[in-house]
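1. Okay, structure incoming, though there's no sequence with it:
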Ligand SMILES: Cn1ncc2cc([C@H](O)c3cccc(CNC(=O)c4cc(-c5ccc(F)cc5)cc(O)c4O)c3)ccc21
Ligand SMILES: [Mg+2]
């Protein structure tokens with residue numbers, strides 16, 4: 001039977017990356033996506049911007065919306081402080097199964113909590129289920145039409161504190177127009193656009209970094 005792209009991406013990790021070495025997992029995925037098959041990971045160019053934001057925030061608690069194969073969860077978890085944790089939500093069980101194995105190959109199971117389910121269902125339950133008060137950093141990379149409703153939901157559920165950082169992928173391509181309009185015009189956020197390119201291509205894309213002002 002025909003394999004899926006996530007399965008082939010996992011095979012490339014298991015073939016080319018060293019168990020327990022997260023940076024070799026990131027490199028193996030980027031090489032696979034450049035040389036063999038494009039896949040919608042945040043990628044190496046935008047990944048460097050992600051790395052600098054994570055290092056600057058030095059977050060104890062991270063929420064990621066949209067795990068896919070686990071590339072950005074691994075990339076973020078590499079840079080967390082000793083007790084830092086990331087909760088990552090993936091609605092597609094097949095993606096989640098691949099991501100679990102990528103995360104295991106990187107040796108980061110202790111730092112990454114992968115939850116299978118939809119953001120809209122889980123965001124209201126996170127506080128009670130995982131004992132999280134607020135998130136220091138949220139990385140949005142799931143369905144682009146969910147960025148805005150889920151941001152409003154996180155506000156309502158008290159998951160953001162003064163100084164919480166939202167970092168949103170793909171604000172140009174595929175684009176998140178309603179989210180950008182809201183976040184750039186809301187007095188409750190201070191936003192900054194980091195111009196880059198769509199992963200593994202020359203097409204323009206970028207990350208929007210927004211600070212919640214409370
Ligand atoms: C509700 N909920 N809760 C959790 C959750 C998790 C998921 C999945 O992880 C999932 C599945 C499919 C698509 C996405 C969104 N990502 C994209 O659509 C994307 C596209 C492109 C691109 C760009 C140019 C192209 F030509 C084609 C694709 C480049 C990118 O970086 C992307 O992130 C996310 C979905 C809904 C979820
Ligand atoms: Mg993306």
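-> Sure thing, it's come through. Predicted model, so just to flag it, every value in this text is computed and none were measured. Ligands and ions are numbered 1, 2, ... in the order given.

2. Show me the strands in the chain, by range?
-> For the chain, applying DSSP state E gives strands covering 61-65, 85-90, 112-116, 135-140, 160-168, 189-197, 204-212.

3. what angle sits between the fifth one and strand 204-212?
-> Going by axes from the mean of the first three to the mean of the last three C-alpha atoms, to 10 degrees, strand 160-168 is angled at 180 degrees with respect to strand 204-212.

4. tell me which residues in strand 160-168 are buried?
-> In terms of neighbour count (16 or more other C-beta atoms under 10 Å), strand 160-168 has its buried residues at 160, 164-168. Just so you know, the C-beta spots here come from the backbone N, C-alpha and C atoms, and that holds for glycine as well.

5. now it: how far from the chain's centre is it?
-> 14 Å (C-alpha atoms, centre = their mean, to the nearest Å).

6. packing partners for it?
-> The contact analysis (3 or more C-beta pairs under 8 Å, 6 or more residues apart in numbering; DSSP states H and E) places strand 160-168 against helix 43-57, strand 135-140, helix 147-156, helix 177-185, strand 204-212.

7. and that strand, does that touch ligand 1?
-> No. Judged by C-beta under 6 Å from any ligand atom, strand 160-168 and ligand 1 are separated, with a smallest distance of 10.1 Å.

8. Okay, now the sheet partners of that strand, with direction.
-> In the sheet, strand 160-168 lines up against strand 135-140 (parallel), strand 204-212 (antiparallel) (DSSP bridges).

9. How about the contacts made by the spatially closest residue to residue 85 that is not a sequence neighbour?
-> Here the nearest residue to residue 85 in space, its sequence neighbours aside, is residue 111; by C-beta to C-beta, 6 or more residues apart in numbering that works out to 5.9 Å. When contacts are counted by C-beta atoms under 8 Å, 6 or more residues apart in numbering, residue 111 touches 77, 80, 84-86.

10. Now do residue 111 against residue 16, distance only.
-> Here the criterion is C-beta to C-beta, to the nearest Å. By it, residue 111 lies 22 Å from residue 16.

11. Confirm for me that residue 146 is in contact with residue 123.
-> No. Here residue 146 lies out of contact with residue 123, judged by C-beta atoms under 8 Å, at a distance of 10.2 Å.

12. Deepest in the core, which of the helices and strands packed on strand 160-168 is it.
-> For the helices and strands packed on strand 160-168, the largest average neighbour count (mean count of other C-beta atoms under 10 Å) is found in strand 135-140, namely a mean of 24.

13. Which residues does that strand contact?
-> 50, 53-54, 57, 59-66, 72, 76, 147, 150-151, 154, 159-160, 163-169, 179.

14. Same check on stretch 22-35?
-> For stretch 22-35, contacts defined as C-beta under 8 Å, 6+ apart pick out 8-9, 12-13, 15-18, 39, 41, 43-44, 47, 69, 71, 74-75, 77-78, 102, 105-108, 199-200.

15. now with 6 Å?
-> 9, 12-13, 16-18, 39, 44, 71, 74-75, 78, 105-106, 200 (C-beta atoms under 6 Å, 6 or more residues apart in numbering).

16. what does stretch 188-208 give?
-> With C-beta under 6 Å, 6+ apart, stretch 188-208 has contacts from 33-34, 38, 41, 43, 45-46, 49, 167-168, 170-173, 183-184, 209-211, 213.

17. distance between the ends of it?
-> 15 Å (C-alpha to C-alpha, to the nearest Å).

18. can that stretch be found next to ligand 2?
-> No. Using C-beta under 5 Å from the ion, we find that stretch 188-208 stays clear of ligand 2, coming within 7.2 Å at best.
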